[in-house]
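# below is the structure, and that's it, no one-letter string:
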């Protein structure tokens, strides 16, 4: 066989043999991946703080940019406050716009160098807080200028070949450098999907302290206000929780939540929303808090005012009264009139006035200027509750055995300021110059509640709204047998949580920690039993 034939035969054998790719060691794979990450993240990391300080100082002094390394450091450092007495560069009215002009002139024609500066400016944009009332006018103006610059120059960063990961991500999320950076992610975040948020934080190195996080919170609240009544009510607790730690958002966020809730069909008492509104804006029926409450709609203010009056009534008769835990009749009677009570005062005995407990402190803060001192009323634990109902003023005492006194509002024998006397003197809360003295004693003419209601009507106070509803409703509708719907409506109305574990061999439970009062009475009427140890109500079946 000649040489040519041998070559042909060898080639044929070679073609019939399968080739396998060479084995790449794992360490080489890791090195290749690291190199790819380095290339894709080019220009992403910030220089040291010392380098930033030096570059910003030199730019301030000379307004010159000698090289790319210097330019990049100034861009990263423009948001930093290096000295207590010196503002960050972005707050300097002429210096910062001049920086942008010089970056444009020197590097914009070349995408690769330009995007290294662009990355530094993007960092300054997300880091500097240009979105608060405390931000200087120059800072806010330059921060807005920077946002528009980043939006308009984004395409100047693109080049052939491998793009940095941060730049690819920004290309997919251009909304981040517009005046609406957050609404795109609101629906997903509202339903617990944080994937996009985590990618923003990682790809663009955005801190949890960035203003963008606040914008995302507000965007979720706005998105929630566009959902159905049922869905929105389900989200209220989560929305209130989102506002925690964002004082700048409190007024705007709370306004959105409160106005939306008030506009829903048949808004039930929401204890968390009531307490948050009162904590942030104060007692809604006091004039000194009117400026804050103008943020809310008139409907929202009326709603919270009613809720808070109910809360005040229950606080007095269930907490500050001697019979609060044993006799729920007084709280049940007066809470029927909460919509007609125009104003209220607490006159506190020394025990409550100086009590250090959390509940007492909170009550004193909430009532503010409607707190009075009470003297000459017997034991220091005695307190008085003064209610303005139309032209009538009703005075109830906390200690049992005291009558209720009615007065004309325009001729009160006592002053509603400082300290008031609980004595029977002419200027005391039990003054003989009263319209009527009513006792909490049932008589052959009827219950004391019926006698009180008749006395109020006799002096010009109309029948309570709830009394009218109860009078018109059939007896079966006033309490009614227990059903899933009735229990749900009852718990919604009082801000309670209930659980049905009967299918698992457990119990039907309602989370309410008191064993007396109107709520407790209703639960008792449905056959619930109170657990002193665990402080909740339970029963073993629906029937």
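In hand now; what should we look at? A quick note: this is a predicted structure, and the numbers were derived from the prediction, not measured. Residues are numbered from 1 along each chain as shown.

# show me where the stretch 251-400 of the chain has strands.
Secondary structure of the stretch 251-400 of the chain by DSSP state E, counting those that start in this stretch: the strands cover 341-348, 371-375, 383-389, 392-397.

# now these as TSV including mean neighbour count and mean pLDDT?
(Glycine included, C-beta is placed from N, CA and C.) Listed next are those as TSV, based on neighbours: other C-beta atoms under 10 Å; pLDDT from 0 to 100:
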stretch	mean neighbour count	mean pLDDT
strand 341-348	21	92
strand 371-375	18	93
strand 383-389	22	94
strand 392-397	24	95
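
# and the ones you listed as CSV, adding distance to residue 239?
CSV is the format used below for the strands of the stretch 251-400 of the chain (distance: least, C-beta to C-beta, whole Å):
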stretch, distance to residue 239
strand 341-348, 30
strand 371-375, 32
strand 383-389, 34
strand 392-397, 37
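
# would you say residue 432 is within a helix?
No - according to DSSP: H, G, I helix; E, B strand; the rest coil, residue 432 belongs to no helix; its state is coil.

# dump the residue contacts of it.
Residues in contact with residue 432, defined by C-beta atoms under 8 Å, 6 or more residues apart in numbering, are 424, 426.

# low-confidence ranges, this protein, go.
For the chain, applying pLDDT under 70 flags the ranges 1-44, 323-326, 463-480, 516-518.

# next, name the residue at the spatial heart of it.
residue 240 (2.4 Å; C-alpha atoms, centre = their mean).

# looking at it, that one is touching residue 272, isn't it?
Yes - using C-beta atoms under 8 Å, residue 240 is in contact with residue 272, at 5.9 Å.

# just to revisit the earlier point, next one: the helix or strand where the residue nearest to the centre of the chain lies to chain centre, how far?
Assigned by DSSP states H and E, residue 240 belongs to helix 229-242. Relative to its chain's centre, helix 229-242 lies at 9 Å (C-alpha atoms, centre = their mean, to the nearest Å).

# for it, name the packing helices and strands.
Here helix 229-242 touches helix 211-225, helix 250-262, helix 271-281, going by 3 or more C-beta pairs under 8 Å, 6 or more residues apart in numbering; DSSP states H and E.

# so what touches the shortest one?
Among residues not part of helix 271-281, those counted as contacts by C-beta under 8 Å, 6+ apart are 236-237, 240, 250-251, 254, 257-258, 261, 284, 289, 292-293, 295-296, 304, 307-308, 311, 366, 495.

# can you check stretch 345-360 too?
312, 316, 319-320, 361, 363-364, 367, 370-374, 377, 379-386, 398, 416, 420, 422, 429.

# just those residues: which are in helices?
Judged by DSSP state H, helices contain the following of the contacts of stretch 345-360: 312, 361, 363-364, 367.

# so which of those is the most crowded?
Using other C-beta atoms under 10 Å as the neighbour test, those are led by residue 312, with 23 neighbours.

# skipping adjacent residues, who's closest to that one in space?
Spatial nearest neighbour of residue 312, chain neighbours left out: residue 344 (5.5 Å); criterion: C-beta to C-beta, 6 or more residues apart in numbering.

# looking at it, the one you found is touching residue 389, isn't it?
No - the criterion here is C-beta under 8 Å, and residue 344 misses it with residue 389 at 9.8 Å.

# related to what we said a few turns ago, list the beta-bridge partners for the residue nearest to residue 312.
Beta-bridge partners for residue 344, by DSSP bridges, are residue 387.

# contact partners for it?
Residue 344 neighbours (C-beta under 8 Å, 6+ apart): 309, 312-313, 370, 385-388.

# again with residue 449
Neighbour list for residue 449: 329, 333 [criterion: C-beta under 8 Å, 6+ apart].
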